[in-house]
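A.B. asks: Got a predicted structure here, sequence first:
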Amino acid sequence: MSDRDRAPTVELRGITKRFPGVVANQDVDLLVESGEIHAVVGENGAGKSTLMKVIYGMQRPDEGTILINGEDVHFRSPKDAIEAGIGMVHQHFMLARNLTILENVILGAEPTVASVIRFSEARDRIRELAGGYGMALDPDRLVENLAVGERQRVEILKVLYRGARILILDEPTAVLVPQEVQGLFASLRGLKRQGVTVIFISHKLDEVLEVADTITVMRGGRTVAAVKPAEVTAHRLAELMVGSELPRPEIRESTVTETVALAVEGLSLRGDEGQEVLRDVSFRIHCGEVVGIAGVEGNGQSELIEAIMGIRAVEGGVVRLGERDITAWRTRSRRESGISYIPEDRHSRGLLLSAPLWENAMLGYQTRPPFSKGFWIDRQGARGRTSEVIDHFRVMAPSSEVSAHALSGGNQQKLIVGREMTSGPKVLIAAQPTRGIDVGAQAAVWEQIKQARGAGLGVLLVSADLEELIGLSDTLWVIYGGRLVAHVDPRTVTPEELGGFMTGAGAAEESA
């Protein structure tokens, strides 16, 4: 066996990458063996994504060496990395919804003869790849009709179609429901059996321990440990990531008052195609209370939030803010009257990624001081408030002038939380507030929700994280098929019992 055959598939030595005011990676070493599933974990801002972009040729390191299969490489662009057999699937998918799976997979790499695309050849190749890696997909289905997990498999097929033998996945489970996570893991194990090397970024430590062969931990732009799953627990991994003991989401002292902050009564709603997505939903949120909503995605929780926020018009029912009927109010009026909103998708609903932080910090509140004076934007006031949010909510950003796109996911989320918490809200609607962020940023968001609850804020918490729901909620509902089917006590319910209600097993309808 030659030295090259024995060489690791990916080896990084002393990688350093600097940006203005930030050292994203500092003297990073990484060793990935051939045919293994290798996880890279760390807080948002720890340098994980930058490191993956260095491997993929999206960023060029300032210092250090990259070796692929023992050869020193210098990638100028992702095109060079693709030619070296490296593919990357980003957290936010890059698919054309109006095209088929086949058309998306071959886009930019079409097999042609005399400028004519050979679709039958491509279709056979895609079926062969999908079957070989355990990913059952019909090449002629439209992407817009696929579930999230299926779209992710299409993204994986795209890079495999181009000959990738090293696959990089950025937060691959962040948008998946539990069933889809297991499907992804089955696909990754299938890739491993075929000799593909998988590197993936994740913040979900239980999942990392389940599927990874090796785990590299990053903190503050450096690699601090490389461990095997059998050697560590999720708790120990988390401590390595943040460098200290971690808080948990539990709140047990009651701060619930008799005053109703928000009431939803008999809410019904139909979807874009006329199907019933909410049916006779009723609940109340009191001041000082966190009301949790548990459910598998697609059971009406997103539509419920959009109805409360006025993004969707309801078919029946009433929404009250305190004593006021706000059912017919526009979204802006609801926000200005005291409903703050942390959206489930921070990129599409929470931020203007290309805009500076001070513009993002006033979204939804731009008509109120300190962001405005009369009809005019008060730039000085907006910058001052943004600096306060950055300081108080520990947003890692050099100034209020940088774009939101320059921040890590966790810091983007902390900016949104800070914006909503400093607006003087009466009710906070928090949809998946810790999705896609690391354990350190999670703890920061939990602490803000606890403090707001203690100060008398009413909170509606919708989350796919059962530990988060059970730990933070005073009252807990389960939504299934657009209906509230169970009302459980978060102090006594187990995740297994909650999961049973979420999947419709033994769901017993209870009144508020």
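C.D. replies: Structure received.

A.B. asks: What are the phi and psi values at residue 92?
C.D. replies: Main-chain dihedrals, residue 92, degrees, to the nearest 10: phi -100, psi 110.

A.B. asks: Residue 291 too?
C.D. replies: Per-residue torsions, residue 291: phi -100, psi 120 (degrees, to the nearest 10).

A.B. asks: For it, list each beta-bridge partner.
C.D. replies: Bridge pairing for residue 291 (DSSP bridges) gives the partners residue 460, residue 475.

A.B. asks: is it true that it touches residue 283?
C.D. replies: Yes. Contact status for residue 291 versus residue 283: in contact at 6.4 Å, counting by Cβ atoms under 8 Å. To be clear about C-beta, it is placed using only N, CA and C from the backbone, and glycine gets the same treatment.

A.B. asks: Have a look at these two and say which one is more surrounded.
C.D. replies: Between residue 291 and residue 283, counting by other Cβ atoms under 10 Å, residue 291 is the more crowded of the two (22 against 18).

A.B. asks: and that one, what is it in contact with?
C.D. replies: If a contact means Cβ atoms under 8 Å, 6 or more residues apart in numbering, then residue 291 has 283, 284, 285, 458, 459, 460, 461, 473, 474, 475, 476, 477 as its contacts.

A.B. asks: so what's the residue of the chain positioned farthest from its centre scoring on pLDDT?
C.D. replies: Distance from the centre of the chain peaks at residue 114, with 43.6 Å (Cα atoms, centre = their mean). Model confidence at residue 114, expressed as pLDDT, equals 77.

A.B. asks: the strands in the stretch 201-350 of the chain, which residues?
C.D. replies: For the stretch 201-350 of the chain, the strands defined by DSSP state E, counting those that start in this stretch occupy 214-219, 222-227, 260-270, 276-286, 290-294, 316-321, 324-325, 339-342.

A.B. asks: I'd like the ones you listed as TSV, with mean pLDDT and distance to residue 370 appended.
C.D. replies: Shown next, in TSV, are the strands of the stretch 201-350 of the chain (pLDDT from 0 to 100; distance: least, Cβ to Cβ, whole Å):
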stretch	mean pLDDT	distance to residue 370
strand 214-219	94	36
strand 222-227	93	38
strand 260-270	95	25
strand 276-286	95	28
strand 290-294	95	29
strand 316-321	96	24
strand 324-325	96	26
strand 339-342	95	17
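
A.B. asks: want to throw these into a markdown table with distance to residue 176?
C.D. replies: Listed next are the strands of the stretch 201-350 of the chain as a markdown table, based on distance: least, Cβ to Cβ, whole Å:
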| stretch | distance to residue 176 |
| --- | --- |
| strand 214-219 | 20 |
| strand 222-227 | 25 |
| strand 260-270 | 25 |
| strand 276-286 | 21 |
| strand 290-294 | 17 |
| strand 316-321 | 31 |
| strand 324-325 | 38 |
| strand 339-342 | 20 |
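
A.B. asks: how near is the residue farthest from the centre of the chain to residue 161?
C.D. replies: For residue 114, the distance to residue 161 (Cβ to Cβ, to the nearest Å) stands at 22 Å.

A.B. asks: Run through the strands of the stretch 401-512 of the chain in chain order.
C.D. replies: With DSSP E, counting those that start in this stretch as the criterion, the stretch 401-512 of the chain has strands at 427-431, 458-462, 475-480, 483-488.

A.B. asks: quick one: the third one to strand 483-488, angle?
C.D. replies: What that stands for is strand 475-480. Strand 475-480 and strand 483-488 meet at an angle of 140 degrees, taking axes from the mean of the first three to the mean of the last three Cα atoms, to 10 degrees as the criterion.

A.B. asks: can I get the CA coordinates of strand 475-480 in PDB?
C.D. replies: Extracted C-alpha coordinates of strand 475-480, given in PDB (Å, rounded to 0.1, in the frame of the first residue of the first chain):
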ATOM      1  CA  THR A 475     -48.900  25.100  29.900                       C
ATOM      2  CA  LEU A 476     -48.400  22.700  27.000                       C
ATOM      3  CA  TRP A 477     -50.800  21.800  24.100                       C
ATOM      4  CA  VAL A 478     -50.300  19.300  21.300                       C
ATOM      5  CA  ILE A 479     -51.500  20.200  17.800                       C
ATOM      6  CA  TYR A 480     -52.300  17.400  15.300                       C
END
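
A.B. asks: list the helices and strands it packs on?
C.D. replies: Applying 3 or more Cβ pairs under 8 Å, 6 or more residues apart in numbering; DSSP states H and E, one finds that strand 475-480 makes contact with strand 276-286, strand 290-294, strand 483-488, helix 495-502.

A.B. asks: most packed of these?
C.D. replies: Neighbour counts averaged per stretch over the helices and strands packed on strand 475-480 are highest for strand 290-294, at a mean of 26; criterion: mean count of other Cβ atoms under 10 Å.

A.B. asks: Figure out how far it is from the centre of its chain.
C.D. replies: With Cα atoms, centre = their mean, to the nearest Å as the basis, the distance from the averaged C-alpha position of strand 290-294 to the chain average is 19 Å.

A.B. asks: what do you get for stretch 391-411?
C.D. replies: The offset between the C-alpha centroid of stretch 391-411 and the centroid of the whole chain comes to 17 Å, using Cα atoms, centre = their mean.

A.B. asks: just stretch 219-239 next, same as before
C.D. replies: In terms of Cα atoms, centre = their mean, the centre of stretch 219-239 is set 21 Å apart from its chain centre.
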